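J.: Build me a model from this:
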Amino acid sequence: MTYSEGGDNPAAALEGPFSRLPTELLIQVFVLCGRSGGSFTPLDLGTVCRRWREVCISSPHVWQLIVVSTLSRSISSIRSQAELWITRSFPLPFDVHIDLADCEALLPIVSYFLPHIHRWRDCNITSGGHTVWKNSPTTLFQSSEHLVLQHLDVQLRTPVTEDTNLGADNASFFSCRVSTIGRVSMEIAVSYLPLPGSLNPLHFTSIDIVEGCLAHAVRSPDLLSFLQWCPNLERFSFRGVCYEEGVLTASPPVVALPRLHTLILDSACIQRSVLSHLHLPALRALHLQQLNMDFFLDSYHITEPGDSDDEARDFSQSPSSDHHTGMGIRKLISRSNPPLEILDMGLSDMRTKDFSWVFDRLPYLKHFAIVGSDMSDKVIRLLKPVPIGGGEGELGGHPQAMRVRLPQLETLRLVSCQQFSGDALVDALTARVRYTDTTTPNQTLTRVVIASCNGFRPNHEQELFWHLRDRLHVP
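T.: Purely as a prediction, here's the structure:
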């Protein structure tokens with residue numbers, strides 16, 4: 001058999017038994033070659049002669065096996081290979097075999113195949129001669145057409161250490177599960193978030209990112225850049241290790257997540273930068289957990305309205321993080337004007353001036369919970385109705401129109417808040433329910449929980465009970 005240079009000689013490969021093979025049989029031979037050859041076997045076969053190239057290009061079966069090796073290859077070349085094989089194997093299902101020399105490349109590589117998950121028939125991931133994962137979403141769920149990318153769990157830690165036994169089930173740095181209704185969940189461990197240019201869009205609706213230690217902490221610009229590639233996010237959770245990133249040299253990109261309805265930030269020192277650079281017009285639930293720090297955080301890289309000292313000068317055990325949290329929430333509300341219904345602050349606090357600013361701008365908030373706050377009586381009094389025109393509630397002998405902050409508030413939960421007084425709380429809530437129960441009975445407090453607040457004593461509980469009755473809960 002003769003080989004042409006460049007595969008353009010129509011006379012090449014016409015001699016010998018291969019010249020008499022029917023096209024259908026030749027395709028089967030090429031498929032077998034692909035199963036036993038290297039990563040680029042279909043391309044190599046296409047260089048033999050024009051006929052072979054035409055058969056390869058026109059036969060999806062030849063491209064059904066995608067073998068990816070990261071050894072001595074750039075991520076851009078791997079992406080080009082994946083896109084070519086996926087296109088030429090259409091509309092057939094395909095198998096993916098990934099051999100990892102660099103475990104950090106796994107998430108970008110997987111992202112190239114996820115948009116075609118309904119065609120993903122088999123997946124075999126190996127590293128260092130060991131099988132990391134062998135299965136596929138379509139084998140875990142019979143109706144592949146109805147697979148939905150639901151959840152991605154990113155663990156920021158070293159994927160493989162010297163002590164890691166890749167043969168052990170609990171040592172795997174990648175896993176995939178499919179629920180009985182076709183919801184796909186993936187878990188992956190990486191040392192750092194992939195560079196934005198290496199990823200294809202990740203269409204998961206829910207993502208958790210968890211930092212394992214300070215060595216793998218992520219800076220806010222890198223986190224926001226990663227989120228730019230998650231356009232379908234509806235829920236996002238970030239749990240950090242209280243890493244201080246220092247003073248930024250430039251503002252991170254503003255990331256629009258139009259579908260996101262739930263945001264969770266836990267144990268982070270980058271809350272101001274993250275909250276200030278998210279556009280979340282559909283946000284309904286904001287959960288801030290363990291953001292209080294008793295040390296001073298680095299200054300923000302720019303000065304914004306509201307950065308001045310709090311005129312209230314109220315006591316705080318975490319003044320610096322209070323400042324960062326409050327300013328981040330301000331910026332988020334200013335940019336997004338979200339229909340926020342739930343604000344849950346556990347060991348996360350703000351300055352008095354931030355509470356005042358925020359409460360004035362959350363007309364749809366239904367549930368407010370705060371744990372471990374140093375909020376003072378000044379914050380508690382913000383819950384009390386105030387006359388629109390000032391004064392004490394009457395003007396010329398006639399009742400004045402009143403304004404209620406958080407007008408749709410239904411649930412109030414105060415836990416371990418030690419700075420406000422019981423007198424201030426009784427006064428504010430009594431005045432509130434007296435007014436709202438009469439004027440807006442469909443928009444009034446329905447549940448009030450007060451627990452472990454030293455200023456709220458049994459006499460306050462008894463007095464407040466007369467007005468709230470079974471709406472008051474004091475564990």
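J.: how about stretch 291-307: buried residues?
T.: For stretch 291-307, the neighbour count (16 or more other C-beta atoms under 10 Å) marks 291-293, 297, 300, 306 as buried. (Each C-beta comes from the backbone N, C-alpha and C, glycine too.)
J.: can you give me the mean pLDDT across that stretch?
T.: In this model, stretch 291-307 has an average pLDDT of 92.
J.: Now find how far off-centre that stretch is within its chain.
T.: 23 Å (C-alpha atoms, centre = their mean, to the nearest Å).
J.: Any idea how far apart the tips of that stretch sit?
T.: Using C-alpha to C-alpha, to the nearest Å, the end-to-end distance of stretch 291-307 comes out at 18 Å.
J.: Redo the buried residues of stretch 291-307 as CSV? Include secondary structure and distance to Ser179.
T.: Shown next, in CSV, are the buried residues of stretch 291-307 (DSSP: H, G, I helix; E, B strand; the rest coil; distance: C-beta to C-beta, whole Å):
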residue, secondary structure, distance to Ser179
Leu291, coil, 32
Asn292, coil, 36
Met293, coil, 38
Leu297, coil, 40
Tyr300, coil, 42
Gly306, coil, 44
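J.: Report the contact partners of the residue nearest to Ser318 when sequence neighbours are not counted.
T.: Spatial nearest neighbour of Ser318, excluding adjacent residues (C-beta to C-beta, 6 or more residues apart in numbering): Asn292 at 4.0 Å. Residues near Asn292 by C-beta atoms under 8 Å, 6 or more residues apart in numbering: 317-318, 321-322, 347-349, 372.
J.: Asn292 and Val218, how far apart?
T.: Counting by C-beta to C-beta, to the nearest Å, the separation of Asn292 from Val218 is 21 Å.
J.: and the residue nearest the centre of the chain, which of the three is it?
T.: What sits nearest the mean C-alpha location of the chain, by C-alpha atoms, centre = their mean, is Phe236, with 2.8 Å. With DSSP: H, G, I helix; E, B strand; the rest coil as the basis, Phe236 sits in strand.
J.: pLDDT score for it?
T.: Phe236 is given a pLDDT of 98.
J.: residues touching it, list them.
T.: 206-208, 227, 230, 257, 260, 262-264.
J.: Would you indicate which residues of stretch 245-256 are buried?
T.: Neighbour-count burial for stretch 245-256, counted by 16+ other C-beta under 10 Å, picks out 245, 248, 252, 255.
J.: for this structure, what are the low-confidence residue spans?
T.: 1-19, 136-145, 160-171, 389-400 (pLDDT under 70).
J.: Quick check: phi and psi at the residue nearest to Ser318.
T.: Note on Asn292: backbone dihedrals following degrees, to the nearest 10 are phi -70, psi 130.
J.: Against Glu211, how distant is the residue nearest to the centre of the chain?
T.: Relative to Glu211, Phe236 is positioned 14 Å away (criterion: C-beta to C-beta).
J.: Which parts of the stretch 1-150 of the chain are helices?
T.: For the stretch 1-150 of the chain, the helices defined by DSSP state H, counting those that start in this stretch cover 23-36, 41-46, 50-58, 75-88, 106-113, 137-140.
J.: Of all those helices, which one is nearest Asp423?
T.: For Asp423, the closest of those is helix 106-113, at 55.3 Å, according to C-beta to C-beta.
J.: what angle separates that closest one from helix 75-88?
T.: Comparing the axes of helix 106-113 and helix 75-88 via axes from the mean of the first three to the mean of the last three C-alpha atoms, to 10 degrees yields an angle of 30 degrees.
J.: Who are the contact partners of Asp377?
T.: For Asp377, the contacting residues are 420-421, 424, by C-beta under 8 Å, 6+ apart.
J.: Among these, name the buried ones.
T.: Neighbour-count burial (16+ other C-beta under 10 Å) applied to those gives 420-421, 424.
J.: Just these: which are in strands?
T.: The strands, defined by DSSP state E, take in nothing from the buried ones among the contacts of Asp377.
J.: Closest one of those to Ala82?
T.: Ala82 has its nearest neighbour among those in Phe420, at 58.2 Å by C-beta to C-beta.
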